[in-house]
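*Asks:* Sequence and predicted structure below; questions after.
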Amino acid sequence: MNNSQMKIMFFMLLLALAAPLFCLDVPAGLANTANDLIGIFTGPIVRAILICCLAGCGIAYAFNKDNEKMKRNIIAIAVGIIIIIGAATIVDSVTSAAR
């Protein structure tokens, strides 16, 4: 497979995984399971772990002055952590708006 076919497969997989989010009439059992999963990923333990990782990225960035490759990796990890934390907030706002 070439690169464009892999991109299409990846986006189709994402669309298939996101399809339940577009359902308007969600069964009660599925809603409870979804709320449990959201509770796990937005819980205080996961937030504490992500905050520690983000602080570690900041410390590594501050002490790695000469290694440009390491700086790029640290920035990429920090941006990923910020997106994860932001995604939890976005999911909370979307689910509260849907009620």
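*Replies:* Happy to help now that I have it.
*Asks:* Going by C-alpha atoms from here, please, whenever you check contacts or count neighbours.
*Replies:* Will do.
*Asks:* tell me, what residue is most central in the chain?
*Replies:* Centroid-nearest residue in the chain: residue 84, 3.4 Å away (criterion: Cα atoms, centre = their mean).
*Asks:* What helix or strand is it located in?
*Replies:* Using DSSP states H and E, residue 84 falls within helix 68-98.
*Asks:* now the chain, which segments are flagged as low pLDDT?
*Replies:* 1, 19-31, 65, 88, 91-92, 94-95, 97-99 (pLDDT under 70).
*Asks:* Please tell me how far the residue lying farthest from the centre of the chain sits from residue 3.
*Replies:* In the chain, the greatest distance from the average C-alpha position (Cα atoms, centre = their mean) is reached by residue 66, at 30.0 Å. Distance of residue 66 to residue 3, given as Cα to Cα, to the nearest Å: 34 Å.
*Asks:* likewise residue 96?
*Replies:* 38 Å.
*Asks:* Also residue 10?
*Replies:* Distance from residue 10 to residue 3, by Cα to Cα: 11 Å.
*Asks:* Give me the neighbour count for residue 69.
*Replies:* 9 (other Cα atoms under 10 Å).
*Asks:* Same check on the one 3 residues further on?
*Replies:* Residue 72 is flanked by 12 other residues according to other Cα under 10 Å.
*Asks:* And residue 54, by the same measure?
*Replies:* Residue 54, neighbours per other Cα under 10 Å, totals 20.
*Asks:* correct me, but it touches residue 83?
*Replies:* No. Here residue 54 lies out of contact with residue 83, judged by Cα atoms under 8 Å, at a distance of 11.4 Å.
*Asks:* for stretch 42-49, the distance to its chain's centre please.
*Replies:* Counting by Cα atoms, centre = their mean, to the nearest Å, stretch 42-49 is centred 13 Å from the centre of its parent chain.
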